[in-house]
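K.L.:
here you go, sequence then predicted model.
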Amino acid sequence: MSFVITLSVIIALEVIMMFIIRNLRKRFRWLITPLDEYPKLDEKGLKKFIEHGYDPQLGWVRKANTSNMEKGRYGQTCYHIGSNGARLNPGHEELESRISCFGDSFTFCRQVNDDETWAWYLSRLSGTNVLNFGVGNYGIDQAYLRMLRELKNLKTNIVMMGVVPSTIVRILCVWKHYNEFGNTFGFKPRFELKDGKLILIKNIIDDESKFYGYEKFLEEIRANDYFYKMKFRNEMIRFPYLYSVLRKPGRNIPIISALLLSMFLDRLNIKNSWINEYPLMKIMEINRILRYRLFQDGYVTNLMRAIVQEFISSVKEKGARPILLIMPQKDDVLFIRERGIYYADFIDVISKSILTIDMTRYLLNRSDLDILYSDDNIYGGHFSKDGNRFVAEIIYKVLYENRCLEETEYNKC
């Protein structure tokens, strides 16, 4: 009789947990289930993505002669992409271009206007038109490939590569969905390291028609994506649901509890921003730990170093000066204040080959982080216009001290 009662209780709890997970999944995309193995691509969103962002080789790009608006600290902001594929740099575009920059959204400078990017402020300081080819959510791998595409037409003396520390995560993906759950349009190329040599894995979804039958390519996609087994399958909640939840209690129980409490408070019309933000804060914490661990992984750090070395070689072959710029997210700065610079070993090694500007070191003792970033939450968003001005001032100071802006001082930069 006791066995029957116990079994009945377990079955009842399993049914309840299945019901909870299936409902919470609609509210919070980071609780994935087997349905996420084959997500249905939103047709309207996909059409817009293909029109405005899709690139067969790179995965996505800021297309020439496009513009868009988004929300920043002080309201709506707007960006424009010129005919050359770089972000507009109003007031400086008639100047000679001696600096170009590639990288992710912290290089592109999301959430600010065209005349509030660090490239714009650096243009004003250096008296040159800094070309900004940054693209949101790029890893250093995509940014390097983008640079190769533009390099033959570049006449700049300095080529900068600007990335966030989490670029070490991005270089391991071929489908962003397996790490950034729900980013289902984000197919991309990546590199792997074999016998000390970089091997390019081309973007598998290299034709827009393949989006509509992406399932046929999943075997190849899964085989080449680092996170499919390590994270996606590992964090998936599936039958038996109760076991799946309890298998990762430190992740699942706090998130599920907060989501249920948030739903309950909503029904009572009680607002609690901390409870509402907690699930995403927990995910951000998990992601910070992930990139911390990846910077301790020999294969992954060697892969990233190899990409940087290829960047160095390509730029020097062009006769220009390569520079690496590391820009932390706000939560990186807060984490590093407690744990130390977790990628310091990587910087120490790579800085022997390339002038490296690590903005983290300049931000650690700043008391005004909330002003330097565009959002007030723990993630912080991107740099605000004040943050971008600060970044530009540091870059200019380092370039000046290393005599990088002097035509005849190539070897000293």
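P.N.:
Structure received.

K.L.:
ok, how many other residues are close to residue 190?
P.N.:
For residue 190, the count of nearby residues is 24 (other C-beta atoms under 10 Å). Any C-beta I mention is one placed from the backbone N, CA and C, and that applies to glycine too.

K.L.:
please name the bridge partners of it.
P.N.:
Note on residue 190: beta-bridge partners residue 201, judged by DSSP bridges.

K.L.:
residue numbering should commence at 542 henceforth.
P.N.:
From this message on, residue numbering opens at 542, which makes the last subject residue 731.

K.L.:
surely residue 914 touches residue 927?
P.N.:
No - between residue 914 and residue 927 there is no contact under C-beta atoms under 8 Å: 9.1 Å.

K.L.:
neighbour-wise, which of those two wins?
P.N.:
residue 914 (24 against 16).

K.L.:
next up, the contacts around the nearest residue to residue 700 once chain neighbours are set aside.
P.N.:
Residue nearest to residue 700 in three dimensions, not counting chain neighbours: residue 856, with 4.6 Å by C-beta to C-beta, 6 or more residues apart in numbering. With contacts defined as C-beta atoms under 8 Å, 6 or more residues apart in numbering, residue 856 is in contact with 688, 692, 700, 862-863.

K.L.:
does the closest residue to residue 608 other than its chain neighbours count as helix, strand or coil?
P.N.:
Nearest residue to residue 608, sequence neighbours excluded (C-beta to C-beta, 6+ apart): residue 621, at 4.4 Å. What DSSP: H, G, I helix; E, B strand; the rest coil gives for residue 621 is strand.

K.L.:
cool, residue 865 as well?
P.N.:
At residue 865 the chain is in strand, as set by three-state DSSP.

K.L.:
so it makes contact with residue 700?
P.N.:
No - applying C-beta under 8 Å as the test, residue 865 and residue 700 come out as separate, 10.3 Å apart.

K.L.:
mind pulling the model confidence for the residue nearest the centre of the chain?
P.N.:
By C-alpha atoms, centre = their mean, the mean C-alpha position of the chain lies nearest to residue 678, the distance being 4.0 Å. At residue 678, the model reports a pLDDT of 97.

K.L.:
again with residue 630
P.N.:
In this model, residue 630 is scored at 98, pLDDT.

K.L.:
next: residue 950.
P.N.:
We note a pLDDT of 42 for residue 950 in this prediction.

K.L.:
just residue 872 next, same as before
P.N.:
In this model, residue 872 is scored at 93, pLDDT.

K.L.:
go on, the one 10 residues further on?
P.N.:
pLDDT recorded at residue 882 is 96.
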